[in-house]
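Q: any chance you can model this:
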Amino acid sequence: MKKWIIIATCICIFLTVTLGIIYIQLIPLLKDYGKMEIERFNQLVISHCYMTDQKQYDDLVIIERNENNEIELIDFDMIKVNQLASQIVLDIEKTYAQIEDGSYQAKDESSYQKRVEEVSQTGIIASISLNTLFHLPSFFLLPSIPVNYKHLSSVGSSIVKNIENYGVNHVMIELSIEIRMNIAMVYPFFEQYHTQVISIPILLEIFQGQVPLVYSS
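A: Residues are numbered from 1 along each chain as shown. You can find the predicted model right below:
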């Protein structure tokens, strides 16, 4: 009887050590897949975040001209720009807070809303082929396994402005908001921290005139 207990114990230890070694070897691939899946999901959420209609963009740029209709000053209404950035960040933070505590409810029957609700309840599940994990040829026909990823995030933003000459006598003005996602990805037995930056174009306008020298220096 004791002999079988010793054999069973040795087998259990051997299997545990073997599985542990395999898991350690798979960690880099699991990280890569997790990063890819979470970045795809973040892009999906941000592309559906709070946005305003075009009327609210029309007066974000302040242009002053002289009596010859030449541009003397180009500026942005930073109060309105910052308000817009704050609304976007608040909307994203609210969405992720509901996702992370599992309380997000779909607002309609769209595929986006259903996807967000699903992730809120189950986390991000990626299907990973064992052929890929073990670098084996596809003719071995090994199955795919589902891997669950969950992440905790914090959100910040910054304003990016660009003013430059465009064509013969025009100025192009670009305004975008960069959303910075600081993500803690939770895996079995470990966590990984990752930062993702996604740019949201807010304004792209072309005006007649040249960039004032103050912007060219």
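
Q: which strands or helices does the lengthiest strand in the chain pack on?
A: Criterion DSSP state E: the longest strand present in the chain is strand 144-166. Secondary-structure packing of strand 144-166 (3 or more C-beta pairs under 8 Å, 6 or more residues apart in numbering; DSSP states H and E): helix 2-47, helix 78-100, strand 124-129, strand 170-187. (C-beta placed from N, C-alpha, C; glycine too.)

Q: what comes up buried for it?
A: Neighbour-count burial for strand 144-166, counted by 16 or more other C-beta atoms under 10 Å, picks out Val147, Tyr149, Lys150, His151, Ser153, Val155, Ser157, Lys161, Ile163.

Q: just curious, which of those is nearest to Arg40?
A: For these, the residue nearest Arg40 by C-beta to C-beta is Tyr149; the value is 11.1 Å.

Q: helix/strand/coil for Ala106?
A: When classified by DSSP: H, G, I helix; E, B strand; the rest coil, Ala106 comes out as coil.

Q: quick check: it touching Ser120?
A: No. Judged on C-beta atoms under 8 Å, Ala106 makes no contact with Ser120 at a distance of 9.3 Å.

Q: between these two, point out the one with more neighbours.
A: Between Ala106 and Ser120, Ser120 has the larger neighbour count (other C-beta atoms under 10 Å), namely 19 against 14.

Q: pretty sure the more buried one is in a strand, no?
A: No. Assignment of Ser120 by three-state DSSP gives helix, placing it outside any strand.

Q: ok, it - contacts?
A: Listed by C-beta atoms under 8 Å, 6 or more residues apart in numbering, the contact partners of Ser120 are Gln98, Ile99, Glu100, Gly102, Ser103, Tyr104.

Q: what do you get for Tyr149?
A: Here Tyr149 is in contact with Gly34, Glu37, Ile38, Gly123, Ile124, Ile125, Ala126, Met185, Val186, Tyr187 (C-beta under 8 Å, 6+ apart).

Q: for Cys12, same thing?
A: Contacts of Cys12 (C-beta under 8 Å, 6+ apart): none.

Q: now do it against Lys3, distance only.
A: Noted for Cys12: a distance of 15 Å to Lys3, by C-beta to C-beta, to the nearest Å.

Q: can you check Ile11 too?
A: 13 Å.

Q: what about these two, which has more around it?
A: Comparing Ile11 with Lys3 by other C-beta under 10 Å, the one with more neighbours is Ile11, at 10 against 7.
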